[in-house]
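1. Structure here, sequence nowhere to be found:
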């Protein structure tokens, strides 16, 4: 019966804390301070609230490339990397068939698809002035012909924190891919799930700061909560500064480890909120060592040289 012996003054001080105003904290992530609680909580699983950064492990390539190098057996190559990732970017097929449901990692679920790397180009043969000639549509990108690849109920069943949708700015199916993005934003917003617009760079698209400023800004303006794009050697800080939501960089093709770590470091220094990297990790000679080195650069402030030393030290100790 402690309440009976508590004085009115003590009760006011120790139970109602009338002298302590309730805090109204902001939110650590760029552009997210006015989101609802559920979406903020999911983004806090993707991005570490301590530094606002993330190491996302991307292994969704099979949705259009099939069993590409390093992903022939996801259970053997990716599961050992899972403890070092903040977020797993994957397809629903791999999530259900390989990823243990006991994982506590955030899920970035691939939500667009529909074409493959062997989709035919629009090229044909004809004649000009009686001579054989080849014709094609300049800028045509067959991979851009995607649709949404799951509905919102499936995303909820799979406990996705964020949905990833490919967007082809300047591609033959640009409008369709932007419609995929806005449809997913509308559906995901109803349940506090985030959407990440993924900048797709086709064969006809230039990897310039001007292009990425355009592409990332369009996706953010249309409602993407996070944007993924490639790093550029010049003016990347202008890409991050004029995008009102967090940017994570893609790893792209496999680079030597020191170059990949340098790219991570430079991107972070110029305003990126993390990396969404795949081939530069799971195609490394020592993927677990590389994963930890990337984590060191993103979260622990290691320089590229320090990260590379960490990679070599771990590899020398036998860490795969």
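-> That came through, no problem. Just so it is clear, the structure is predicted and the values come from calculations on it, not from any experiment. Numbers count the residues shown, from 1 in each chain.

2. Going by C-alpha atoms from here, please, whenever you check contacts or count neighbours.
-> Will do.

3. which residues touch stretch 80-100?
-> Identification of contacts with stretch 80-100 by CA atoms under 8 Å, 6 or more residues apart in numbering yields 45-48, 54-60, 63, 74-75, 79, 105-111, 158, 276, 287-288, 291-292, 295.

4. hmm, try it at 6 Å
-> With contact meaning CA atoms under 6 Å, 6 or more residues apart in numbering, stretch 80-100 is reached by 46, 55-60, 75, 105-110, 288.

5. and those residues, which two are the farthest apart?
-> 110 and 288 (23.5 Å; CA to CA).

6. Comparing the two, which residue is more hemmed in?
-> residue 110 (27 against 24; other CA atoms under 10 Å).

7. For that one, give me phi and psi.
-> phi -60, psi 120 (degrees, to the nearest 10).

8. Contact partners for it?
-> 90, 91, 164.

9. in the helix ranked longest in the chain, what's buried?
-> Taking DSSP state H as the criterion, the chain has its longest helix at helix 174-189. Buried residues in helix 174-189, defined by neighbour count with 16 or more other CA atoms under 10 Å: 174-182, 184-185, 187-189.

10. Tell me the bridge partners for the nearest residue to residue 105 once chain neighbours are set aside.
-> Excluding the flanking residues, the one nearest residue 105 by CA to CA, 6 or more residues apart in numbering is residue 87, at 5.4 Å. Beta-bridge pairing of residue 87 under DSSP bridges involves residue 56, residue 106.

11. what's the pLDDT at residue 87?
-> Model confidence at residue 87, given as pLDDT, is 98.

12. in the protein, what spans have low per-residue confidence?
-> Counting by pLDDT under 70, the chain has low-confidence residues at 1-5, 118-124, 135-142, 203-204.

13. can you give me the strands in it?
-> 54-58, 87-90, 106-110, 112-113, 123-128, 131-136, 147-148, 162-167, 194-199, 226-229, 247-250, 274-277 (DSSP state E).

14. contacting residues for the most centrally placed residue in the chain?
-> The structure's the chain has its C-alpha centroid closest to residue 276; by CA atoms, centre = their mean the separation is 4.6 Å. Applying CA under 6 Å, 6+ apart, we find residue 276 in contact with 56, 57, 58, 249, 250.

15. give me that answer again for 8 Å
-> By CA under 8 Å, 6+ apart, the neighbours of residue 276 are 55, 56, 57, 58, 89, 228, 248, 249, 250, 251.

16. for those residues, which one is nearest residue 193?
-> residue 89 (14.6 Å).

17. can you give me the end-to-end distance of stretch 219-233?
-> By CA to CA, to the nearest Å, the extent of stretch 219-233 from end to end equals 22 Å.

18. quick one: buried residues of stretch 199-211?
-> Using 16+ other CA under 10 Å as the test for burial, stretch 199-211 gives 199, 200, 201, 202, 208, 209, 211.

19. what does that stretch contact?
-> Counting by CA under 8 Å, 6+ apart, 138-141, 143, 166-171, 212, 215-216, 227-230, 232, 234-236, 238-239 sit against stretch 199-211.

20. sorry, back to before: selecting buried members of the contacts of stretch 80-100 in PyMOL, what would you type?
-> Typed into PyMOL, the line below selects the buried ones among these, using 16+ other CA under 10 Å:
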select buried, resi 46+55+56+57+58+59+60+105+106+107+108+109+110+288
